[in-house]
Every structure is written in C-alpha cells, then in structure tokens.
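1. need a 3D model of the sequence below.
(6 chains)
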There are 6 protein chains.
Amino acid sequence: MGKVKIGVFKCGNIGAAPVFELLLDELAEREDIKVRTVTTGSKMAVEDVEEALPKLYQFNPNLIIFISPNPAIPGPTKVREILTDKGVPGVVISDGVAKRIKDELEKQGLGYIVIMGDPLIGARREFLDPIEMAIFNSNIIKVLAITGVLRILHQEVDRLVATLKEEDTSLNLPKLLVDTDVIRDKSTFSNPYAKAKAMAAYELTKKIAEIDTQACFIEKERGRYIPLVACAHEIAQIAARLAEEAREIEKSLDTVVRNPHSKKGTPLTKTRLMPPPILDEEIYKRWLKTLETEER
Amino acid sequence: MGKVKIGVFKCGNIGAAPVFELLLDELAEREDIKVRTVTTGSKMAVEDVEEALPKLYQFNPNLIIFISPNPAIPGPTKVREILTDKGVPGVVISDGVAKRIKDELEKQGLGYIVIMGDPLIGARREFLDPIEMAIFNSNIIKVLAITGVLRILHQEVDRLVATLKEEDTSLNLPKLLVDTDVIRDKSTFSNPYAKAKAMAAYELTKKIAEIDTQACFIEKERGRYIPLVACAHEIAQIAARLAEEAREIEKSLDTVVRNPHSKKGTPLTKTRLMPPPILDEEIYKRWLKTLETEER
Amino acid sequence: MGKVKIGVFKCGNIGAAPVFELLLDELAEREDIKVRTVTTGSKMAVEDVEEALPKLYQFNPNLIIFISPNPAIPGPTKVREILTDKGVPGVVISDGVAKRIKDELEKQGLGYIVIMGDPLIGARREFLDPIEMAIFNSNIIKVLAITGVLRILHQEVDRLVATLKEEDTSLNLPKLLVDTDVIRDKSTFSNPYAKAKAMAAYELTKKIAEIDTQACFIEKERGRYIPLVACAHEIAQIAARLAEEAREIEKSLDTVVRNPHSKKGTPLTKTRLMPPPILDEEIYKRWLKTLETEER
Amino acid sequence: MGKVKIGVFKCGNIGAAPVFELLLDELAEREDIKVRTVTTGSKMAVEDVEEALPKLYQFNPNLIIFISPNPAIPGPTKVREILTDKGVPGVVISDGVAKRIKDELEKQGLGYIVIMGDPLIGARREFLDPIEMAIFNSNIIKVLAITGVLRILHQEVDRLVATLKEEDTSLNLPKLLVDTDVIRDKSTFSNPYAKAKAMAAYELTKKIAEIDTQACFIEKERGRYIPLVACAHEIAQIAARLAEEAREIEKSLDTVVRNPHSKKGTPLTKTRLMPPPILDEEIYKRWLKTLETEER
Amino acid sequence: MGKVKIGVFKCGNIGAAPVFELLLDELAEREDIKVRTVTTGSKMAVEDVEEALPKLYQFNPNLIIFISPNPAIPGPTKVREILTDKGVPGVVISDGVAKRIKDELEKQGLGYIVIMGDPLIGARREFLDPIEMAIFNSNIIKVLAITGVLRILHQEVDRLVATLKEEDTSLNLPKLLVDTDVIRDKSTFSNPYAKAKAMAAYELTKKIAEIDTQACFIEKERGRYIPLVACAHEIAQIAARLAEEAREIEKSLDTVVRNPHSKKGTPLTKTRLMPPPILDEEIYKRWLKTLETEER
Amino acid sequence: MGKVKIGVFKCGNIGAAPVFELLLDELAEREDIKVRTVTTGSKMAVEDVEEALPKLYQFNPNLIIFISPNPAIPGPTKVREILTDKGVPGVVISDGVAKRIKDELEKQGLGYIVIMGDPLIGARREFLDPIEMAIFNSNIIKVLAITGVLRILHQEVDRLVATLKEEDTSLNLPKLLVDTDVIRDKSTFSNPYAKAKAMAAYELTKKIAEIDTQACFIEKERGRYIPLVACAHEIAQIAARLAEEAREIEKSLDTVVRNPHSKKGTPLTKTRLMPPPILDEEIYKRWLKTLETEER
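-> Sure, this is the predicted structure:
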C-alpha cells in the first residue's frame, strides 16, 4: 500500500477533536499517511451528516475516524449507520456519554475510544460565547494532552496505520474506555505525585461533565444554571493548571517522555530533553505482534 | 437567502485554526448559517490542496474562509489562485508571515486577517511530539481568545454573514493586520492593567514566532535549537498564564464582556455575569451601515 | 435560662469536626453559652461510644451536637439511640454518607446537617500518616470555611441557642442537606466568579469522597489504591487553593462578609474591613420569627 | 497492660489542638490505645476547668495530655495543679508563651512541649469571625504538619505509650521547646531548600504571634489594630503556602517521609510513595533505650 | 538658588541604597537638582571613608545623604563626624540597627530615616555569592518600593530640596523611624487587604533581619547557619511576592497611586492609569507650611 | 601590586548598574581590591560627565568600569573620549543599543560588555514614578542575576583583576555581546528546562526594550503609549517570575551553582547547598592561561 489515507469526520465538538488530525502528524513530515477531514462545525443534525459525510468518501479513505459527542443522538447515529454500510474500517472517538452504546458499537463493527474525561461544555447563552468556548477547549486540550489521553488516541491510529501498511485486512480496531485507571496504569510519568496530579486533573474533567450536564439539561432558571456553568469552567481552568503542575514536575526531573513520529511514521520515543529520539521498539513490536495475532 | 453557507478550508495549522468553526456557532444553535470544513491535516502541499479544496465547493459555499500558515508557499498559493478563479468571496486567515503578501492578497480580491501573534510552533523532532504540539496550541488558543483576537475573527465573519443575508453581493471583505495596537484600541477590557497584561501576552506570542523561526530555519545543531524551541514553548506557557491573569482581573470586577450569538445570528452582548445578553446594537448598526455604504 | 449548655460529642472525624466548638465562640467572649465536648478520638466503635457519651450528660446539656462520619454504622447508631432515649434535643452533623438515613434521623427526632462535601480521607497506611492526615484536614477546613458551610453550622446552632434562651421548649431542629446549591443560593459572595470558584471547590470535595471511597473500600491492590488516594489529596489541595482564590477576590473588593458573635451571642455582621460589626437584624428576626412560628 | 488510655484535656485553642487526637491514630486502626478527650471549647476559665477536667479522670487515663494556650493564666494553672495532685503522668502542650513557666512545669512534675511557632490568633471582633478563625487554624495546621511539629507531638506521645505498654512506671516525660532549630536539626526533608522553606514558614508563625500580641493586647484603636490582625493573618496564609512549597519539592523528588502507625502502634516509616511502610527500627530502638535508661 | 546639588555618599549596602539616586529623578528630566554620588562599594572601613568622602565635597553639595547599614561602627561613625564638622545639612539613611543611635544622630545635627525593614543579607560565604546577593536585593527593593518606603525616602529629600530652593537656611531635617505603623498610617493603598499584605511583607523583612543576624553573628557551625541564611532569603522571596500581591490588588482596582516628579521637581500625583498626573497640592502645601514654620 | 583599585563610573541607569559594585565583593571581605564609584544619578549630559568623571581619577584607579545606557549619545561619548585619553584600561558595560558602536569601542581601545537583555524603562511621566522605576529595576535585576548575566559581569572584572595582580600591563579586555545564546551556552543550569525558562526570561527583557522604545520615542499620544509602557512592565514582572521558576527548579535539585569570592579574590565554586565552596580551578586556570598568552 502507498500512503494510508485517513478520513476524519467530525460533527459537533469534543475536547479531543480540534487538534486531532495534528496529533497524527505533528511535524507535518510523515510520508506514510494522508489525512483528510470533513466537518460540519458545531452542528450535528442528520441533514448535516447526510450532506457532508459522503464528501469524505470521495477521498477513498482506508480508515475513517469519526469524532463527535454523544454518538447516540440522531446525527451521529446516522454517521454510524453509514460507516457500517460503507464498510471502510471506522473508529468512533467520543465522550463519556458514549459508554452506554458500547455494545451497539461492537455490533456495528466499529472500533471506539470513549474518553470519559472529555466533558460537555457549559452551553448556556448567558455564559458561553466564542471566547469562553475557546478558553474551555484550551483547558481541556491541555488536560487531555498532559494526562496522555491524546497519546492514546494517536497511538491507536498509528497502530492501525502500521497494520494497514502491512496490507492486513483484518484490523484489530480499538475498544477502549479511557477512564482514570488508564492514566494510572498506562501513562508515562516517572514521578508518582506527578501522576497523581494528572489523575486528579482527569477526574476533574469528569466532574465538569457532571455539573454541565445538570446545568444544561436539568436546571431551568438562569439564577440556578449560570453559577453552575461558571463553576464547571472554573474547574476546567484549575484542572489545566493541575495538569501543568504534573508536567512541570517531570520537566524538573528531565523525564518528560516524548513520542514524535518519524518521517516513516514509526513510533519514536525519548525521555531526556537533549538527546535525539529513538525507535520505540517495545511499542512497535507490540503493534507487530497484534498484527501477527491478527494474521494467524 | 436561506442559510448562509460558510466553507472553511484549512491546510497546515495556526493557533486560530483548531477552534475556528466553533467560534461561529459556539452554542450550536444558530439557524442562519451552515458551516462545512475540509482540511488536509498538517500537510499543505500543492497536491493536498488540489485534491481537497474542490470538495469544499461541492457544498456551494457563499463565503470561503481559508486558514493556513505562511500563505506565500506553493500549497496555499494554489489555494489562493483557486479562490480567485472560482469567485466565491474568500477571506484568508493567516499568521504574521502573511504580512508580506498583503498587496498580492488585495490584488487577488481576497479579504485577509493577518494575526501577527499567531506563532510558528517549535517544530523540531527532538522536542515536538503530539503532546507538546497540543499543549502549545492550548496555550496559543488561550492567548488568542482572551486578548480578543478570536472575537475579531468571528465578528468579521459574522459581519459578512449579515451582509450576505441581506443578499448584498458587494461584500466589504476584511483587510486586517491584528497587531498589539488592535488589542490596545479595540479590546473590551475595563481595567487598564488587565489590558496591559493581555497586550503583553500577545507581544509574547510574537516573540515566540521570532525564536521558533530561528530555531526551525536557522540553527542547525541540536545543541543549539533544542534549547530555543523549549524556550519558545516556555514563553507560550507564560503568555497563556498572563492572559489568564488579565481575564481573572475582569472576572474579579464582574466586567467580562461576552458576545454570544443569538439563534438568528445577531450579535449579542453582555457584561455582568448574571443578567441575560442583549442585542449589541452598536455593532449591529455598524455592520448595517457598512451594508448601506456598500449598497449605495 | 442562664447560659445555654451545649454538649458536643464526636466519634471519628469529619472535616467540620476539629474546629467545631471554636466556631460557636471564636473570640472566647460569649457569655450566653457553655460548651463541653467529649470525644473518642478517631475510634467510633460501640464500646467507645458507650463509655464516653454518658460523660457528656453529666454536664446537663440543653442541646447535644453529635458529629461523626457515616452515622449508619454501629457506633454512631448507638449514639443516635442514646440521643433519642435521653431526650435532650440533638443534632447530627455528618458527611454525605448520612444522606441515606435522613428519614431515620427524622423518625428519631434528631436534627441533622448533612455536609455533602465533607469527604472521606485517603485512609490507606501506605499513604496516610499523621502529617498527611493533618494536611488533608487543613485543606478541607479551608474549603468548608470559605464556602460558608461552617457558617451554616454555627448559625444553625446559634439559632437553637437563641430559641433555648427564650426558654422555648419546641426547638425547630435543622434538617439540612448542604450541597452545592446551598453555596450557590445562600453564600455571601458579592462577586459571581468568586461564588463560582467556591462552588467549584465544594464540588471538588465531593469528588474526593468519590475517589477515596473507591480507593479505601473497592480497590484491593497497592498499585491501584495508592495513586487514587494520592490523587484525591491532590484534589483537596487544589480545592483549598480555589477556595482561597474566591476569598482573595472578595478581599480585593473589600466585600468579605464577617459574622462574629457578640458577647451576648447575638449575630453580628459586617462587610467592609475597617468599620465595626453591627447586629444582623435580618437574621436575628428570622430566628425570632421561627421562634414565633414555633410558639404559636 | 491492655490498651493504654490517653486522656486529652483541652481548654482554649492552639493550632496543634484541633487535630491532636487524630494524630495518634490517623487510620483509626490502632489496637493498643484508647483516646478520650474532654474540652471546654474556647473558654478557659477556672470554673470551666473545674467542671470539665474531673470527667476526664472518670476514664482512668494512664497518661494525660493537656493542651491550651498560655498555661500561666488562672484556668490552665488550675489544670496543672490538678494534674500534679492527681498524679497521672501529664504532658502540657502549649504555645510560645509557655516558655516562661518551663521551670514551674518541671517542678510540678509535668512534661511539656512548647511550640514556639503556634501563634495567637487575631482575636479582634472587627476581624475575627468563625470563618476567619477556621481559615487561620487551617493555615497554622498546615505549617505545623509540614514542618514536622505535629510529628514531634505524636512521636513523643507514641514513645510514652511504648513505655507504658512495657508497664514502666517511671516515664521519661518530654521537655521540649520546639523552635526553628528543631525543624532544622530534626525534620526529614531531603532537599535543603525545602527545609529552608519549612523553617521560613515556621519563623513566620512566630512573627504572627508577635504581631497578634501587639494587636490584641497593646493597640487600643480600631484603626490601628485591625490592619495588624489582617496583616498577621496574611502572614499565616503565606506561611501555609511556603510550607506547601516545601512539601511540593519533596513530592517532586519522591522523598516525602511518612510515619503511619501500625495496628500495634509501632512506628512505621517509608519514603518513596509506592512501596509499603516498614518498622522504623531506629526510632523504636531509641524509645526502647530510653526505656532501658529509665529502668536502670 | 540655581540647581540644588545633592551629594550622596554610600558605604556598604542596604536595600534602599542601590536605586536611591534614581528615586530622586526617575525620568531623568528634573531641572532643579543635580545628583552626585560617591561610594566605596561594599566596604565601609574608616580608611575607605576617609579617602572617598572628601571627593563628594568637591561637588559643593547643598545637602548630603549618607546611606549605610549600621551607622554605629567605625567607618560610618567617621562619616557622621565629618558630616557634622563640614556643616552641610546631612541625612543618614540606614537600617534598623541605627535605631540605637537616634539620640546621638540628633545631637550631631543630622537628620535620619531609619528603615526598620531593611534587613541584613545572609552574608555567609557558603551561601552568598554575587547572584544570591543580587536576588536578595531585588526582593528587598520590591518590598521597599511597594510598601511605600522608597516613596518616603524621596519625598523627604524632595521636601528638603523645596526648602533649599526657597533659599531657606534652617532645614527641617527628617527624624523618621520607618516601622510597620508608618506603612499602616501613611501608605496610599485603597484596599485594606492590599495594605495588610504590604504590612505583612514589611514585617517579613524585619524577620529576615532577625534571622540573618543570628546566622551571621551568633551561629558558628556551617550546619547551623547555612539553613538559617537560606531560610531568611526564602522569606525575602515570599515577602516580595506578598508585596506584589498587594500591588496587583491595587492594579485590579485601578487605584495605584503614582507620584512622578515634574521637570521643575514639584510633586505630582495620579491614581487612575490613563489620565495625566497633576500637582499634589496637599503635599506641596504641607512642605511649604513646614517652610513657613521654619521661617518664622 | 597592592590592592587593585577599580573605579566605577555610572551615568544614567541600566538594570545591571545598581548592584554592580556589590557583585565584585558581595561579602565585603575581599582584601585584593578597592572599589570606588562616582555617579551622576539618572542624568547623563556632557556637563554632568565633565564635572563628575575627573573625581574618579583622583582615586588613581587601575581599571575603570563605565556603565551607562546608550553610549552613543553625547554624555557617554564624552566619557569614552576621556577614558581613551587618560589611558587607564576601561570597560564599557551597556545595553543593547551599544551594539551599534562595537567597532568604535574597539577602535577606542575600550573593552565592552553589551547586555542585549538590559531593557529601556517605560519612561513616561504618566506611568513612571520612583516606585514603578524601582519595581522595574527589581525585576530586571532578578532576571540578570538568575540568567547568569551578572555572573559574567563580575567574572570578567575578576579576570582583569587577576591579571592586574600579576602586574601584567597588556590586559585582555572583554569584548562581549551577551545575547540569549550566551545564556544557552555558558550558564550553569543543570536542568535543561530551567535553562529554557532562563533563556525565555532573557528573551522577554529584549521584548521589553522593543516595546519601551516604541512607547518612549515613537508613540506621541497618551492613549497609545501608556498601555505600551504598562505592557512592557507587565512583561518585566513575568520575566522575573519565569527566572525565579528556573532557579526554583535548580533549588529543588540542589544544583544551584554559587561562585562566591574568597578573601583573596580567587574564584570559588560550589553546587550542593551544605558543603563549603572550593577554588574553581578550571576558571582560574583559564584566567591564568589568558595571562600567559598575554605575557608571551
């Protein structure tokens, strides 16, 4: 296979969405993939989906990543149906609400990465304007980045790309629920308190989801929901700060793990700042083993 | 006209890009616009552009927003040519490098918003991995949001939408260089020190651009460029913090200006947190006057 | 009636417990009450309770305040039984776990103040030593103080004392669930963002409870529960900081509301720092009205 | 001997008092001690003492810990007389004012731990309300915890308990003045700057004492004493933050020393976060040697 | 009189010394004074003084400001003698140690400003190098600036200059002890908590003096004095931060009082940031009245 | 040669000036040098220079250090002429503006240290008063200290002194441009992120220079220049904080390099806090080699 073509479809927004494609090719130097994205902005109605998604197929993608909040509502449901129909391997990346339709996703033959700590925004007109929206996303992106959630996202796609490059047809699509235990067990913090701070930041994003859900869907009076969305966004701010604290500790120890992509798309790794990155053989072998497992 | 269809084309990334569409419809409730985005991820070669951009025209957009860094290099140059050829009104949103081709943009009949403080990332493989990239974008988004740069972006598009809704054909496309003087003269801080902090944050993003340009294009030895990109990203972090400080002051005074969109897309405004937003008549009239001016 | 005698019985600890008596007479100058406390330290077995509680009755209290975590387990259950038997008016102050036995408490004729945001500590021997325990309590005390929860505690007791001083026999015992809505609706922040920060701090304490419950009662492996308790205590630290931020805003506006006790025990109030406090007539009348209501 | 019974008597408050009993059994799992506390709230008059203290003796304590500020005034003096009369081994824990009566304490056969950095609160009605009081205590508790002062407190009592468990009658009661040199020479910081910060925090608490003494006892005009008590509490806040900084350094190095109690009450110790604690043989032997010394 | 010639003599260093001359003419635009400084660096022996001071008189100063720590030791004592002998009006600016020789200074006919919060540095070779020295001075300068101590310094000299310009021979030399009460009663903070923070910062500098005195003159062992000087400099750092917090509050309220000099040297004043400064008539009249008083 | 006599002449101010002499003898115990300074305060006109500089020669200095901003304007130009005429070896220490006259300085036979990151102050009367000036200098001093710029200054002078003590007549005068690359390549940070933060702080000071130059010399309207100088000083504040962060990291690792002077003036060095400093043989030999090179 030449370049692996990755189609990304986004409707609506979650914290992991705005920088998603950039995660796959942060240096814009990968020679093994081509990424095309089609989105419908913040809208996610059935008609938006029906108009926009077909355009993505025109790129003949080898893999489709579908990112949206709450994939159980009509628009995203339509997307999932089309994904299943068309047969191109697809992975759904979504927020905690998606946990409920896990079984359905499996039945539809779709992979999924459910990010439990990717919270609903405080979507009340008295509070949310474009600036507040951007600040909130800034904070959530920082938490998802530092906790390693964004690393999981790109490494799962990188793994699929590695398989596709071997022209393997039976992809092992991810089936992941990214909750705090994943941060605890899989993240690469060298200092246990840095890890605890990162876990704390992630727990806070779940708390934001809880509060914003109440503020957006349950409370009806302005005097009741405005303080709640403001409170949720305060937590987003402090969660970002807590994540930053975690990374600052690792920086002070010169133990920040970095995983840049090589030009060929192989996974690199490095820890100390000054030396160059090297091939992450451990991960790469694991991916290949997966491949082997699949091939047998 | 029914809904105004806004086509967004992104190739490569600048800080203002990841959340751009969301700025136009932060509550996902606007009934007057339809937004469709096509992107090529972090790649911006001519072939990427030629493959992807035509898909956007399939949506029959009334207005095209093109976002990329450095619009003078081949890929983005191709985009600009196509935009001019196709004739749909187009606005280029780009970083400080674009300042050099201002005249060319005017000749091509394109509007532009050049964000002087949207800096190059520290794109060195020893330093930049997907996580570091996301953190950097998080910091820049925060600065662009709080300084009001993102507000300028959406209000310029909102203004064009307002004109288009009047079925006015001669759009007054923006020709803006967003430098620190714009933050000074146009932002809505009530406290002068908050404004000074915001200006400082914005100046820092320009400094980042300067350092990263040296680190990415001039320095050739690892021992020389790694400390520089690390230094630039430290400035990004502290710029975000400084911007946050500015907003915290406004919050402490309950003077945060918010400009949510109404369902109809009219510009709302509010200052104190608890009351509801109202129509921003001043801005709206200014837009209409522009309209009138154009119509005469 | 001369001085009202308040008996306080504590077994085990919650965040509101260590400074509780001091809240009633912070200047040690009240002439209308006498406070006596008997506690069993951190132990709360039936035998501890049976040995210690009777000593409290030797002081002939007019009112008994019983403070413990989880009042549904045997020791505290025994306390509640004794309280009901003895007939001295009693109020149970407890943490969120107590919510479940609200009805039972009412049946037992006991008042209650259930503090939803008074969290379980990270009671794992690998993590919790006396120092960590004290730091945790320090953080929780700060959150409970600044959010106004501690004010609710003392004002409820103050109100009962006011009633008892009128020799009123039918006390209107409190039946309060102190959740975030109470901070939202009853706290005295003048700045809405300060209030939002306080609410956020309180929400975080509830999150701590959630995590520590999992870490202490569900997770069995050291490698799993240690990071969780460490994570919970990080949240406690940042919650305290967030609460502090809230108060700093009010300080910057010179709007910190203070409610010292007068020598006679009447409720005083003041806002600006430099002037003296005055009688809080509004509150006092409300208490008297309660009295009247009761008397009729 | 079965369980050692520890009676705690508190009248008035010092920073070390609110969490004192909890220090002895932070996990509520010790099987070798029984703790009973009787307190008189913030009052410390002779009549309070005379009424309350006898109740403590009803528990037949093997050891009495008496905690109060300024033990030279009438109420606490009465307590000390009773302690001497009754003959149960007693230890006075008090603030810096107690330094003056050291010799008297020795003559009375009482042990003592004088905490030079446990400061007077800003007890002026215009400033101190229950909330401010709780915040102040929160800050002081944090300083006393992180500097290791609270560890000294519980280890001294633990040592006495160890002796009593050996049924040794001639206890080696502590005679300690806890000043900054003790933090310098005995604390367990691994990083010298963390230690310097802790020492600084402790020095600040002494400064608070100095200022509050002037504000409470010397200045007579509101315009003069209010700024002073406010100033003192600002120092308390920043002292807590400084102490926190010290601990954060140790956390970043994973060198936080923890000394939890085992179920049997033996002193455990650990440094790195993830491994389990082990018996602190060095300390334990020192205690036993003390025992031996005493026995000879 | 033409320009008033101010001679400044410094031997040794105090926190107020490095920027002293600059305080008198911060914009370098005053036309009414001429400032000449001669210093002996950090040395302050009799021989240094005897060699250097005469050079200052060659400028024929109308007023001499002498700045040094501890003016009671031989070198500064020599300076004071010469000042008295030569008869040019002289003012001694010194640190808290100078308090002891107040009466002597008066007898010598010298004015004085004793800055109680200008602390001894941690002058131990294991700790103090040029960098640490500069950082310490940076912190102390910030505290002295924000608390208003430096304003007192320049306004006292400005006042003398105003008198001298009237060719008045009987100068009313300052006799000031700048202790915390001066910050409380004379500083220009609009917010009482900002003032309390400034007072706290100043109190901390006094604490530094206390600790450094012990570390430099009393403790003899490295293991004892190094932690003490490190502790003192930590306090300097946090004192600067506390002062900064105070100013940040005033900035957030746009109430920072500024007192620039006009070209003519008259005292200007302003509070809000954006408007221009105006003549501070109140102060100016007070100075003139002093003049009148003196003239009668 | 006996003591080396160092004459320092300052006119006008740069950030490195206020503490300069103190850098040479921070402990006031050096026996090998004598430092005398003459300054003209903030003024730097030709007449100031002509009156004041001759006094410095009366001390018969062996070396003259001349510190001023912008050495190309008339006053400092006059100083340079006199320095060349008189023939005593001279070194000019100045800010980035001096870069332009590098060649001229060489022709004049003067050494130079051009500190690119020693920025112009925000010298606008609406903003700059003595307090603001002192705060700005405090911030710049901290940056110059922590980044190691001040160390370069004193070590260059120390080196010259070492040569002069050997009675070597042909001094190797410094010709240094201190830009960020010097911080990168010569500073003694052990942690690469601490170094990056220090570099960032230094870059910010260059940004300040840029903004203040615009504000002081280009912008003519109050509404335009006030926000700019305020913005520049905000950057100064955050630059100082960033530098502090850098040093805090080194403190947390106990790797702060200290270079105190011995009594004999030889260069000492130490890294860990508690041990004593030792002779820095590497540096000393380098200086001696320079000597040898010169002698041949």
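
2. low-confidence ranges, chain A, go.
-> Counting by pLDDT under 70, chain A contains low-confidence ranges at A:1, A:168-169, A:290-296.

3. right, is the helix or strand where residue A:54 lies up against chain B?
-> Following DSSP states H and E, one finds residue A:54 within helix A:46-57. Yes: using C-beta under 8 Å from any C-beta of the partner chain, helix A:46-57 reaches chain B at A:48, A:51-52, A:55. Heads up, the C-betas are built off the backbone N, CA and C, glycines and all.

4. from those, which would you call buried?
-> Buried by 16 or more other C-beta atoms under 10 Å in any protein chain shown: A:48, A:52, A:55, out of the residues of helix A:46-57 next to chain B.

5. I figured the first one hits residue A:74, correct?
-> No: at 10.5 Å, residue A:48 and residue A:74 do not qualify as touching, with contact defined as C-beta atoms under 8 Å.

6. what about the residue of the stretch 51-200 of chain A found nearest chain E, neighbour count?
-> Residue nearest to chain E within the stretch 51-200 of chain A: residue A:135 (19.1 Å; C-beta to the nearest C-beta). Neighbourhood size, residue A:135 [other C-beta atoms under 10 Å in any protein chain shown]: 24.

7. residues in contact with it?
-> Contacts for residue A:135 (C-beta atoms under 8 Å, 6 or more residues apart in numbering or on different chains) come out as A:233, A:237, B:141-142, B:145-146, B:247.

8. neighbour-wise, which of those residues leads?
-> Using other C-beta under 10 Å as the neighbour criterion, residue B:146 leads those with 33 neighbours.

9. for that residue, what are its contacts?
-> Residue B:146 makes contact with A:131, A:135, B:198, B:201, B:243-244, B:246-247, according to C-beta under 8 Å, 6+ apart.

10. if we can go back for a sec, what element comes up after the strand or helix carrying the residue of the stretch 51-200 of chain A closest to chain E heading to the C-terminus?
-> Element membership for residue A:135, per DSSP H and E: helix A:130-146. Downstream of helix A:130-146, the first helix or strand assigned by DSSP H and E is helix A:149-165.

11. mind listing what's buried in the next helix or strand after that following helix?
-> Toward the C-terminal end, the helix or strand that comes next after helix A:149-165 (DSSP H and E) is strand A:175-178. By neighbour count on 16+ other C-beta under 10 Å, the buried set for strand A:175-178 is A:176, A:178.

12. just checking: what are the partner strands of strand A:175-178?
-> strand A:111-115 (parallel) (DSSP bridges).

13. show residues contacting the strand it pairs with.
-> In contact with strand A:111-115 (C-beta under 8 Å, 6+ apart) are residues A:14-16, A:89-96, A:98-99, A:102, A:105, A:144, A:149, A:152-153, A:156, A:171, A:173-178.

14. repeat for stretch A:181-194
-> With C-beta under 8 Å, 6+ apart as the test, stretch A:181-194 has contacts from A:147-149, A:152, A:176, A:195, A:198-199, A:202, A:245-247, A:249-250, A:253, A:255, A:257, A:271, C:224, C:226-228, C:230, C:234, D:251-252, D:254, D:272-274.
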